[in-house]
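Student: heads up, no residue letters with this:
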């Protein structure tokens, strides 16, 4: 997915304009939740998300979605991760 396709999806699905997020190389966040639903597009680097015991890997050009208050953990690759995140 490219930026244009991502922005079209956000508009279609009623998400607000995204914010840029940058996370450090080899960093992580343990189990936590967010008080919002999020859809994100990875711009560079990579991120692993573990949700309900299942780990998924995302790299540049791939999008991920987390539900409101969905428990998950995050791990960032050796180059960290840079992504656009739209929250509602």
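Tutor: Yes, it's here. Owing to the predicted nature of the structure, the values given are computational and were not obtained by experimental measurement. Residues are numbered from 1 along each chain as shown.
Student: distance of the closest residue to residue 67 other than its chain neighbours relative to residue 13?
Tutor: Nearest in space to residue 67, with sequence neighbours left out and distances taken as C-beta to C-beta, 6 or more residues apart in numbering, is residue 37 at 5.7 Å. Just so you know, the C-beta spots here come from the backbone N, C-alpha and C atoms, and that holds for glycine as well. In this view, residue 37 and residue 13 are 10 Å apart by C-beta to C-beta, to the nearest Å.
Student: do residue 22 as well
Tutor: For residue 22, the distance to residue 13 - C-beta to C-beta - is 24 Å.
Student: ok, now residue 58?
Tutor: 18 Å.
Student: list the buried residues of the lengthiest strand in the chain.
Tutor: The single longest strand within the chain, with elements called by DSSP state E, is strand 72-87. Within strand 72-87, the residues scored as buried using 16 or more other C-beta atoms under 10 Å are 72, 74-77, 80-87.
Student: quick one: the strands in the chain?
Tutor: Going by DSSP E, the chain shows strands at 19-23, 28-32, 38-51, 54-59, 63-66, 72-87.
Student: pretty sure residue 51 is in contact with residue 72, am I right?
Tutor: Yes: judged on C-beta atoms under 8 Å, residue 51 makes contact with residue 72 at a distance of 4.6 Å.
Student: overlap of the contact sets of those two?
Tutor: residue 66 (C-beta atoms under 8 Å, 6 or more residues apart in numbering).
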